[in-house]
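Q: structure of the sequence below:
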Amino acid sequence: MSVSIGTSLPLHLEDLPQGDGGPRIELVDGGLLVTPMAGPGHQYTVGRLQTCLSATAPAGWVVLPGANVARRGAQDRLLIPDVLVVEASVLTENSPYIDPSDVLLVVEVEAPSTKSTDRLLKRELYAQWRIPHYWLVAVDERRITKLALTPERRYDEAVAEDSWVTSVDTTSVWPDRSA
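A: Take a look at the predicted model:
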């Protein structure tokens, strides 16, 4: 698949290709973050996380894989978390974009090409957007860092103990290394 995007900067949501497939294209302050589709271990973990979260999500919330979360402004921003928990009402809206105010949890499964972006840039943007919970998943280390938003709009591990999100059993999300 080839993608042709205009050369005028900054870019906006309307400048991005629509549809499924191809690389993941995110937009931050008029610039693009482009990453290839992730490998099988990453995809397995994403699928298992989606299953675990779906099994325990309270009424009124749904779990989605890789959906568009966007904030319009002077500089449009579009991020695509690997997994997210959103208000069920977004399923009836006629927009390809989910507003951050409808999001309870975003999950980023780190890959070598996204580690810095996930740990720094996305963490900061999700906090600015006031998304209550952010998980960072390191597949190689078999570690999930569960973070909760503080009143100061930063993420902290210490305050992440008061929600159903933090009590989800995630022991089955890891790929079997013995196969």
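Q: okay, buried residues for the helix or strand where residue 34 lies please.
A: In this assignment (DSSP states H and E), residue 34 forms part of strand 31-35. Within strand 31-35, the residues that qualify as buried by neighbour count (16 or more other Cβ atoms under 10 Å) are 32-33. Every residue, glycine included, has its C-beta placed from N, CA and C.
Q: where along the chain do the helices fall?
A: In the chain, the helices defined using DSSP state H lie at 40-56, 115-116, 123-128.
Q: going by mean pLDDT, which of these comes out lowest?
A: When the helices of the chain are compared by mean pLDDT, helix 115-116 comes last with a mean of 88.
Q: below-threshold pLDDT in this protein: ranges please.
A: Filtered on pLDDT under 70, the chain yields the residue ranges 1-9, 11-23, 158-162, 178-179.
Q: restricting to C-alpha, output stretch 146-159 in CSV.
A: Extracted in CSV, the C-alpha atoms of stretch 146-159 (Å, rounded to 0.1, in the frame of the first residue of the first chain):
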residue,chain,number,x,y,z
LYS,A,146,-0.2,0.4,35.8
LEU,A,147,-0.4,4.1,36.2
ALA,A,148,-3.2,6.4,37.4
LEU,A,149,-3.6,10.1,36.8
THR,A,150,-3.0,12.4,39.8
PRO,A,151,-4.8,15.7,40.4
GLU,A,152,-1.6,17.4,39.1
ARG,A,153,-2.1,15.7,35.7
ARG,A,154,0.8,13.3,35.9
TYR,A,155,0.8,9.5,36.1
ASP,A,156,1.9,7.7,39.3
GLU,A,157,2.0,4.0,40.2
ALA,A,158,1.2,4.7,43.9
VAL,A,159,-2.3,5.9,43.3
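Q: for that stretch, buried residues please.
A: Buried, per 16+ other Cβ under 10 Å, within stretch 146-159: 146-149, 155.
Q: ok, which pair from those residues is furthest apart?
A: Using Cβ to Cβ, the buried residues of stretch 146-159 span at most 11.8 Å, a distance reached by 146 and 149.
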